[in-house]
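In: Predicted model, plus sequence, below.
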Amino acid sequence: RNDLEPGVTAAVGEIASARGWLLAQGALGARMTGSGSVVFGVAEDEAHAREMASRPAAPGRVWAAPCLTAERSTLR
């Protein structure tokens, strides 16, 4: 959880807009990071993330990134 999110969302409408847009695109969830520099959404899979990122009318810049799991991670 992010204790700053309710206050920042109330004061900065763009945060609520970004979260709402991600959820409307089918994100499984959307949250604000840290003090609000980024809003992220969780997609069903990488293809779904890329499809959401390609949609027009996003309230800002949108990127799709694959999730690193223990099975896929190349970090040691």
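Out: Everything's here; your move.

In: and residue 32, how many neighbours does it have?
Out: Using other C-beta atoms under 10 Å, residue 32 has 21 other residues around it. Yep, even glycine has a C-beta here, placed from its N, CA and C like the rest.

In: pLDDT at it, what is it?
Out: Listed pLDDT for residue 32 reads 92.

In: Dig out what it forms beta bridges with.
Out: residue 39 (DSSP bridges).

In: what sits against it?
Out: Contacts for residue 32 (C-beta atoms under 8 Å, 6 or more residues apart in numbering) come out as 2, 4-5, 8-9, 15, 19, 38-39.

In: Generate a ChimeraX selection restricted to the buried subset of the residues you listed.
Out: The buried residues among these can be selected in ChimeraX (16 or more other C-beta atoms under 10 Å) with this line:
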select :5,8,9,15,19,39
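
In: separation between the residue nearest the centre of the chain and residue 50?
Out: Taking C-alpha atoms, centre = their mean, the centroid of the chain lies closest to residue 40, which sits 1.7 Å from it. Distance of residue 40 to residue 50, given as C-beta to C-beta, to the nearest Å: 15 Å.
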